[in-house]
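Fold the following.
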Amino acid sequence: MLKRTIAIIILSITYTSIFAQQGDKKVYSFLNVSPSAKLAALGGVGVAPVYNDVGMVGYNPALLDSSLHLQAQLTHLWYLTQANLNHAAFAWHNNKIGTLSASITSLGYGSFDEYDEYGNSLGSFSARDLALALHYSQQFSPVFNFGVSAKLIHSKLESYSSTGLAIDIGLRFRTPDKLTNTYFLARNVGVQLSAYTNSDRQPIPFELELGGSHKFEAAPFGISLTMNNLQNWSLYKETFDNTIDLGSNKQGESGFTKVTKEFMCHVEVGLSIIPSRYFYVMGGYNFRRNNELTDVNSRAGGLSAGFAVNIKFVELCYSYANYNTAGSANRIGILVKISEAGKKNLKSNTRNSIQ
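Numbers count the residues shown, from 1 in each chain. Coordinates of the predicted model:
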């Protein structure tokens, strides 16, 4: 029993260091890690101003459409501490059925040494989260798209395990010129089927989002904005200087300042610069990440950046996200268009993005 207690303590510390920005006690927080290097570079927003890739569908199923037919994508994330995330996805379209996609997301936390109460080594153990997902999308008109994802979740921490089910539901509206996208997304609507222990089951990280993107027709720029966690207004964490004498009169923030910062904690913004169909750069800012992972003694997090290169029918994408002095996250993604139709779509979509 003691060795298991020690194991859970170690894993809890690691888990907290990775998902501290969630600020709650929900399980399966790895579902909120962006599976796409492109979206991560833009601050974690749910839609990009440049053309879609199938890796983005794992975050927002409304982005799945016929243009992603026979796309294959693989993302690797070097996360904080020993953690590494891998995401793979594939899409297929049929004119009668709609567009289907399958994906797998695996987040490993590394290996941990295990000891008994006397300090004797008992070997090592590992921890991993896994999500298998099926995505479906139907285009009801040239400008309106509906998407849904069903996810089977499994988590194993030492000898403890848990399973769950969740769905994502997304709606997207795109203007006829394909330059503007708006979307509404309900993520992680589901339940923990079995808990790690005999204790009560815990909620999973349900979230409502509203966002959009726009590509300027006459300029090589695109912008994106997301309002996240609409189901919960209270996200802002007020930070005090702990070096101040506790006996002194500590001045808190004004009501207007708190309301403004509370609003900004729901905002993620992104910017794309697209000088060529073969290359573009991206940057983003996540206000909530900056608020929750910054204190008076550490530099601010929240910034992210990345770039993508199109080489014939292969796209390579890299992103960097800054958290705080604890570390950062680096992603690399590879996107391949398999079919001839997919190759034509890649050229067409890129051309629409840069016109």
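
Could you double-check that residue 73 lies in contact with residue 334?
Yes: counting by CB atoms under 8 Å, residue 73 sits close enough to residue 334 to count as a contact (6.9 Å). For the C-beta atoms, the positions are set from N, CA and C on the backbone; glycine is no exception.

Looking only at neighbour counts, state which of the two leads.
residue 73 (28 against 15; other CB atoms under 10 Å).

So for stretch 266-280, what gets flagged as buried?
If you call a residue buried by 16 or more other CB atoms under 10 Å, then stretch 266-280 has these buried ones: 266, 267, 268, 269, 270, 271, 272, 274, 277, 280.

Could you point out the longest strand of this structure?
The single longest strand within the chain, with elements called by DSSP state E, is strand 121-141.

ok, then the element right after that one?
Using DSSP states H and E, the helix or strand that follows strand 121-141 in sequence is strand 144-157.

quick one: low-confidence ranges for the stretch 201-350 of the chain?
Applying pLDDT under 70 to the stretch 201-350 of the chain flags the ranges 238-253, 294-300, 324-326, 339-350.

again, 80 this time
Across the stretch 201-350 of the chain, the ranges flagged by pLDDT under 80 are 237-256, 293-301, 323-327, 339-350.

Quick one: the strands in it, in order.
Taking DSSP state E, counting those that start in this stretch to define them, one finds strands in the stretch 201-350 of the chain at 207-215, 221-227, 267-276, 279-286, 303-311, 314-324, 327-337.

Break down the stretch 1-150 of the chain into its helices, ranges please.
2-19, 37-41 (DSSP state H, counting those that start in this stretch).

So what's the residue count around the closest residue to residue 327 other than its chain neighbours?
By the measure of CB to CB, 6 or more residues apart in numbering, the closest residue to residue 327 outside its immediate chain neighbours is residue 80, 4.5 Å from it. If you count neighbours by other CB under 10 Å, residue 80 ends up with 17.

coming back round to it: could I get the strands of the stretch 201-350 of the chain as CSV with distance to residue 198?
What follows is the strands of the stretch 201-350 of the chain, written out as CSV (distance: least, CB to CB, whole Å):
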stretch, distance to residue 198
strand 207-215, 28
strand 221-227, 38
strand 267-276, 38
strand 279-286, 37
strand 303-311, 40
strand 314-324, 34
strand 327-337, 35
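
Out of the ones you listed, which gets nearest to residue 87?
Nearest to residue 87, of all those, is strand 327-337, at 8.4 Å by CB to CB.

Need the contact partners of the closest one.
34, 36-38, 40-41, 53-55, 70-81, 306, 313-323, 343, 345-346 (CB atoms under 8 Å, 6 or more residues apart in numbering).

6 Å instead?
With contacts defined as CB atoms under 6 Å, 6 or more residues apart in numbering, strand 327-337 is touched by 37, 40, 53, 55, 71-80, 313-315, 317-322, 343, 346.

Now list the buried members of those residues.
Using 16+ other CB under 10 Å, the buried ones in the contacts of strand 327-337 are 37, 40, 53, 55, 71-73, 75, 77, 79-80, 313, 315, 317-322, 346.

Might one say that residue 318 is in contact with residue 306?
Yes: using CB atoms under 6 Å, residue 318 is in contact with residue 306, at 5.4 Å.

Tell me what the nearest residue in space to residue 78 that is not next to it in sequence is bridged to.
Excluding its sequence neighbours, the residue lying closest to residue 78 (CB to CB, 6+ apart) is residue 330, at 4.6 Å. Listed by DSSP bridges, the beta-bridge partners for residue 330 are residue 78, residue 320.

what's the distance between residue 330 and residue 119?
Going from residue 330 to residue 119 by CB to CB, to the nearest Å gives 36 Å.
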